[in-house]
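> Everything below, folded, please.
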Amino acid sequence: MIHELEQLSRMIFARDCRFPEALAVIEGNNPGWVFVDNPNAPRAALVWAQGIDGFYLVGDASSAVFRDELDFHIDQVLKPRLYNLGVAWFELSGEDDWDPVINNAIGNRGPKCNQQWVYVLKLEVHESLTQPEVADGHRLLRVDPGLLVNHSLSNKQFLSSKLTHFWGSVDAFLNTGLGYVLVDGDEIVSLCFSGFVAGNIHAIDIETEQSHRRKGHAEAVARAFLAECIKKHLQPHWDCMAENTASLRLAEKLGFTQSHGYTLYSFRL
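Model (predicted):
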């Protein structure tokens, strides 16, 4: 039987995995759900990360519980929850050895398969990382309590809604994450922040307002974010779809190197 773990008991699952988004939920840093094959001695887990509305399978892929029960669990437990949250797609990822389990559970649902690439910042790049260039009239600001109560910003909701979705609350982000915004006049036009934190790994999320894209703003906030990661000896983590060429190019321009890939499976609910 697949069991759900409450937050206080999640640390009993400590298997290594290559998905910091899942580990961030297991560690209790970011909101989500954790389901395991055995609540007392788990070998494998299914983790839903609220920030990206997606699931990860981690741990021992030979777990008979997930092999035999995942299809039923999706229909009876997960789909109703996602419906209530207004989530339109079921998204699931895992290491390659989880592919048979995933195909057994959702193969008859006609899932889409997308390649994801993970990038890491090599140590030798750290000293050569240049400071961000900011256009006249723009300001780079660190996300801190003062910024979040700054009433002069006209679209502060753009920032606070992102932080709340990934972290559950702005305070939770301030306690664990870090971030930077680029401000043009009184408007936040771009932001880069820790979407998930697992140990010293900070998974990056970047967003630029639609009308301000293709102006180098994402690069500016990303460079400021990376400079602080380097200063604090944190490991930035960059994950994006292979088809997102703009994100791939920016990662490489900033000094990231492709580490590995995995498959993202998805189907419409």
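> Would you pull up how far stretch 231-239 lies from the middle of the chain?
Mean-position distance between stretch 231-239 and its chain equals 13 Å (C-alpha atoms, centre = their mean, to the nearest Å).
> brain fart, stretch 17-32
Counting by C-alpha atoms, centre = their mean, stretch 17-32 comes out at 9 Å from the chain centroid.
> which residues sit in contact with residue 79?
Counting by C-beta atoms under 8 Å, 6 or more residues apart in numbering, residue 79 touches 90, 269. Every C-beta, even on glycine, is put in place using the N, C-alpha and C of the backbone.
> so where does it fall, helix or strand?
helix 79-85 (DSSP states H and E).
> could you point out which element follows that helix?
Sequence order places strand 89-94 as the next helix or strand after helix 79-85, per DSSP H and E.
> Would you map the strands across this structure?
3-5, 32-36, 44-49, 54-59, 89-94, 112-121, 138-142, 179-184, 187-198, 201-208, 235-241, 256-268 (DSSP state E).
> what sits against residue 1?
By C-beta under 8 Å, 6+ apart, the contact list for residue 1 reads 65, 69.
> Out of the strands of the chain, which is closest to residue 75?
When the strands of the chain are compared by C-beta to C-beta, strand 89-94 sits nearest residue 75, at 10.5 Å.
> Now do the same for the closest residue to residue 19 other than its chain neighbours: its pLDDT.
Setting aside the residues directly before and after it, residue 19 is nearest to residue 56 in space (C-beta to C-beta, 6 or more residues apart in numbering), at 4.8 Å. Residue 56 is assigned a predicted lDDT (pLDDT) of 97.
> so residue 56 touches residue 21, yeah?
Yes: between residue 56 and residue 21 there is a contact under C-beta atoms under 8 Å: 6.6 Å.
> ok, the residue nearest to residue 23 when sequence neighbours are not counted to residue 205 distance?
Leaving aside its chain neighbours, residue 23 sits nearest to residue 198 (3.6 Å; criterion: C-beta to C-beta, 6+ apart). Noted for residue 198: a distance of 14 Å to residue 205, by C-beta to C-beta, to the nearest Å.
> Counting neighbours, which bits of stretch 257-268 end up buried?
Going by neighbour count (16 or more other C-beta atoms under 10 Å), the buried part of stretch 257-268 is 262-266.
> That should have said stretch 184-197, apologies.
Going by 16+ other C-beta under 10 Å, stretch 184-197 has these buried residues: 184, 188-197.
> and of those, the nearest to residue 66?
The closest of the buried residues of stretch 184-197, once distances to residue 66 are taken by C-beta to C-beta, is residue 196, at 22.5 Å.
> what's the pLDDT at that closest one?
On pLDDT, residue 196 comes in at 98.
> Can you name the residues that contact it?
By C-beta under 8 Å, 6+ apart, the contact set of residue 196 is 20-21, 24-25, 29-30, 49, 51, 166, 202-203.
> quick one: which of the residues you listed is nearest to residue 156?
Using C-beta to C-beta, the contacts of residue 196 come closest to residue 156 at residue 166, 16.2 Å.
> ok, that closest one touching residue 50?
Yes: in this structure residue 166 lies within contact range of residue 50 using C-beta under 8 Å: 7.2 Å.
> Comparing those two, which residue is more hemmed in?
residue 166 (25 against 19; other C-beta atoms under 10 Å).
> if I look at the residue lying closest to the more buried one once chain neighbours are set aside, how far off is residue 105?
Leaving aside its sequence neighbours, residue 166 sits nearest to residue 51 (C-beta to C-beta, 6+ apart; 3.6 Å). Using C-beta to C-beta, residue 51 is found at 23 Å from residue 105.
> out of the strands of the chain, nearest to residue 227?
Counting by C-beta to C-beta, residue 227 lies closest to strand 179-184 out of the strands of the chain; the figure is 9.1 Å.
> Please produce JSON lines containing the strands of the chain, extended by distance to residue 74.
JSON lines is the format used below for those (distance: least, C-beta to C-beta, whole Å):
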{"stretch": "strand 3-5", "distance to residue 74": "14"}
{"stretch": "strand 32-36", "distance to residue 74": "11"}
{"stretch": "strand 44-49", "distance to residue 74": "9"}
{"stretch": "strand 54-59", "distance to residue 74": "9"}
{"stretch": "strand 89-94", "distance to residue 74": "7"}
{"stretch": "strand 112-121", "distance to residue 74": "16"}
{"stretch": "strand 138-142", "distance to residue 74": "41"}
{"stretch": "strand 179-184", "distance to residue 74": "33"}
{"stretch": "strand 187-198", "distance to residue 74": "23"}
{"stretch": "strand 201-208", "distance to residue 74": "25"}
{"stretch": "strand 235-241", "distance to residue 74": "23"}
{"stretch": "strand 256-268", "distance to residue 74": "10"}
